[in-house]
Every structure is written in C-alpha cells, then in structure tokens.
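**Student:** Pasting the sequence and the predicted coordinates here, then a few questions.
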Amino acid sequence: MSLKKDKQKVLGEVFDDQRVKSFLEINEREGINTDYALLERAYRGMKAENFSTFVGFFVEAGHDINATNTQGLNLLNVIAEHTTSDDYRSALVAAGARG
C-alpha cells in the first residue's frame with residue numbers, strides 16, 4: 001500500500017537557533033508574499049519543534065503570521081488538511097494565526 005506523503009522527512013540536519021533563523025532570509029520574488037513564502041519554506045523544511053521555534057523568531061521579527069499566498073490563503077488554511085500537520089498548526093495558532 002502506498003500512502004501519499006504531504007511532508008518529506010528532514011534527516012541529519014542540525015537546527016540550532018542560528019540555522020532556524022536562517023529561514024528568515026529569502027530572495028524576494030515578484031507576485032509572492034514574502035512572509036507567506038518564509039512560513040511555507042520553514043513548514044516544508046523543518047520538523048515541528050524547529051518550526052515552532054521559527055514561528056517565534058518570525059513573529060518577533062515583525063512578520064505577518066496571517067500572510068497569504070496568491071490564492072488568498074494563509075499557511076494555517078493551506079495545511080489544514082495535511083494529516084501530519086497538527087503540531088505545525090498548533091504553533092501557528094499559538095502565534096495568532098487565524099483560519
């Protein structure tokens with residue numbers, strides 16, 4: 001039986017605070033909300049405990065936890081149906097994300 005994965009495993013990478021903060025840096029792309037892109041990249045590239053730390057740094061730096069993608073959805077909306085996103089959603093909600 002093959003299950004569709006909505007997240008890939010991150011193996012062997014150490015996520016100290018410096019590494020987590022490095023996810024706050026991104027090359028801006030026209031037409032893409034930078035805050036949303038930062039959140040999505042962290043979601044896709046981190047384990048839940050690292051993502052929770054990232055969200056704290058993200059908000060502390062003045063970024064918008066409710067930033068939206070080109071379809072008008074914030075990350076909380078986008079990951080709502082992902083079966084392994086409970087801890088990620090909790091981190092977003094704790095930081096003020098609204099669904």
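**Tutor:** That came through fine. Numbers count the residues shown, from 1 in each chain.
**Student:** what about stretch 66-81, how long is it end to end?
**Tutor:** Start-to-end span of stretch 66-81 (C-alpha to C-alpha, to the nearest Å) is 17 Å.
**Student:** ok, and what's touching that stretch?
**Tutor:** Residues outside stretch 66-81 that contact it (C-beta atoms under 8 Å, 6 or more residues apart in numbering) are 31-36, 39-40, 43, 65, 85, 88-89, 92-93, 96-99. Every C-beta, even on glycine, is put in place using the N, C-alpha and C of the backbone.
**Student:** got the buried residues for it?
**Tutor:** Within stretch 66-81, the residues scored as buried using 16 or more other C-beta atoms under 10 Å are Asn66, Ala67, Asn69, Asn74, Leu75, Leu76, Asn77, Val78, Ile79.
**Student:** and if you look at stretch 36-44?
**Tutor:** Of all the residues in stretch 36-44, those buried under the rule 16+ other C-beta under 10 Å are Tyr36, Ala37, Leu38, Leu39, Glu40, Ala42, Tyr43.
**Student:** Just the ones of the residues you listed in helices?
**Tutor:** Members of the buried residues of stretch 36-44 lying in helices (criterion: DSSP state H): Tyr36, Ala37, Leu38, Leu39, Glu40, Ala42, Tyr43.
**Student:** so can I have JSON lines of those residues showing distance to Phe57 and pLDDT?
**Tutor:** Listed next are those as JSON lines, based on distance: C-beta to C-beta, whole Å; pLDDT from 0 to 100:
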{"residue": "Tyr36", "distance to Phe57": "16", "pLDDT": "96"}
{"residue": "Ala37", "distance to Phe57": "16", "pLDDT": "95"}
{"residue": "Leu38", "distance to Phe57": "10", "pLDDT": "96"}
{"residue": "Leu39", "distance to Phe57": "12", "pLDDT": "97"}
{"residue": "Glu40", "distance to Phe57": "16", "pLDDT": "95"}
{"residue": "Ala42", "distance to Phe57": "9", "pLDDT": "96"}
{"residue": "Tyr43", "distance to Phe57": "14", "pLDDT": "97"}
